[in-house]
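Visitor: quick one: sequence plus predicted model below, questions after.
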Amino acid sequence: MARFLRPLFRGTTYTRFLHLWVPMLVVSVWLWVEMSMPWVPALILIPVGLIPAVRRGEGVQARLLLTPGEQGPEISVEPSSTWRDRLRTVLWLEARMVLGGVAAVATVWLPALSYTLGELAYGRVREGVPVLDEAPPHWAFALLVPIPLVAFYGLVVGLGELITMLAHRLLGPSPAERLAALEERTEQLMERTRIARELHDSIGHALTVAVVQAGAARAAGDPAFTDRALEAIEETGRTALEDLERVLGVLRESQRPVSSRPTLTDADRLLESARVSGAKVDAELTGPLDTVPGPVSREGYRILQESLTNVLRHAGAVPVRVRVTVGDGRLDLLVRNPLSAGIPGPGRGSGLRGIRERAALLGGRARTGPDEGDWQVHVELPLR
């Protein structure tokens with residue numbers, strides 16, 4: 001019984017019934033003007049449904065009244081872009097008018113029938129209901145009073161479910177809209193992945209430098225060295241805060257340009273940070289770095305940053321050889337350092353995986369792992 005009465009306490013039951021009644025307002029005005037041609041409104045709906053903007057208006061109404069609170073794309077709010085969408089809109093308008101007519105008739109006649117049965121049970125003769133015009137008054141009619149009301153209740157709930165199902169079928173996204181939504185969702189997921197990489201590389205690098213510098217300063221016991229270490233920690237932390245603010249800006253403002261992200265022309269900052277942290281960096285950057293395309297230069301910077309971070313984190317203050325070469329239509333980036341037992345093997349670690357993913361997205365390749373007693377990161381990125 002509770003399940004049967006549950007729709008009475010749902011707001012959608014009444015908003016859906018209101019949705020059914022809206023077309024009847026126009027029909028009632030027409031019938032007041034011309035009663036002899038009730039089919040004219042249905043005929044007018046055909047050219048109206050072919051107007052692209054009508055589909056958007058119907059979709060907005062359906063979302064607000066039929067599926068309030070739902071956030072899914074089951075009902076489109078885009079204008080018609082194809083003839084198939086226009087024909088579906090016409091069919092929707094006609095179906096909505098038919099079901100609205102049924103709801104209007106039920107609203108008038110079923111409660112009136114219950115009222116008539118009540119009067120007959122009370123002993124009054126009630127005219128106007130053809131089935132009961134000649135029925136003699138009798139108390140037994142009181143037993144029939146709830147039947148039309150229950151039928152009316154079931155009709156309201158059933159018509160609401162039916163019009164909602166038709167809305168999903170006739171106003172639902174077209175294949176092109178579903179594809180566009182899928183592409184947008186894919187872009188959002190890719191952006192989230194990119195931001196996760198950005199945070200991992202930038203903040204991870206800053207924390208690694210800070211930890212290494214703090215440990216070295218404590219072990220050295222030299223005030224001058226401690227001052228240099230604190231200065232390096234301060235500079236690295238300031239850079240990390242700038243990167244964090246930029247990444248958070250991307251989250252707040254999805255259309256923000258990425259031109260402010262660091263590129264390989266800023267590689268000296270990374271190399272100096274690694275040197276201050278104790279690593280003996282032998283760097284050689286050849287070729288016109290400023291001509292490298294933006295996406296390649298930005299990803300190359302992050303790959304170099306992650307490579308140096310791994311060296312500091314797993315090997316410490318060791319000699320590091322860095323080679324960045326631009327030429328022959330590609331960017332070559334090589335980072336080598338003496339192999340240490342603390343360095344993870346090939347394929348492990350989110351940083352190494354991020355390096356390979358960045359290279360793959362740009363159509364390049366990355367090799368990470370032991371090589372002739374050293375640990376190397378060798379990345380090749382096409383410039384076009």
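Guide: Done, it's in.
Visitor: and the residue located most distally from the centre of the chain, how far from residue 120?
Guide: Distance from the centre of the chain peaks at residue 136, with 65.6 Å (CA atoms, centre = their mean). Residue 136 is 8 Å from residue 120, where distance means CB to CB, to the nearest Å. (Each C-beta comes from the backbone N, C-alpha and C, glycine too.)
Visitor: swap in residue 285?
Guide: 100 Å.
Visitor: which residues does the host helix or strand of residue 159 contact?
Guide: For residue 159, the host element (DSSP states H and E) is helix 146-170. Contacts to helix 146-170, defined as CB atoms under 8 Å, 6 or more residues apart in numbering, come from residues 7-8, 12-13, 16-17, 19-20, 62, 66-67, 74-75, 88-89, 91-92, 95-96, 99, 102-103, 106-107, 110-111, 113-114, 117.
Visitor: what about the helices in the stretch 1-150 of the chain?
Guide: For the stretch 1-150 of the chain, applying DSSP state H, counting those that start in this stretch gives helices covering 2-5, 11-33, 40-49, 52-65, 83-122, 146-170.
Visitor: please save the CA atoms from the first one in CSV.
Guide: Just to be clear, that refers to helix 2-5. Extracted in CSV, the C-alpha atoms of helix 2-5 (Å, rounded to 0.1, in the frame of the first residue of the first chain):
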residue,chain,number,x,y,z
ALA,A,2,2.8,2.4,0.9
ARG,A,3,4.4,1.7,-2.5
PHE,A,4,1.1,2.5,-4.3
LEU,A,5,0.7,5.8,-2.5
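Visitor: distance between it and the chain's centre?
Guide: Its chain's average C-alpha position is 36 Å from that of helix 2-5, according to CA atoms, centre = their mean, to the nearest Å.
Visitor: for ChimeraX, write a command that selects the buried ones of the contacts of helix 146-170.
Guide: A single ChimeraX command selects the buried members of the contacts of helix 146-170 (16 or more other CB atoms under 10 Å):
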select :7,12,13,16,17,19,20,62,66,67,74,75,88,89,91,92,95,96,99,103,106,107,110,113,114,117
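Visitor: about what we covered before: so which of the helices of the stretch 1-150 of the chain is nearest residue 274?
Guide: For residue 274, the closest of the helices of the stretch 1-150 of the chain is helix 52-65, at 54.7 Å, according to CB to CB.
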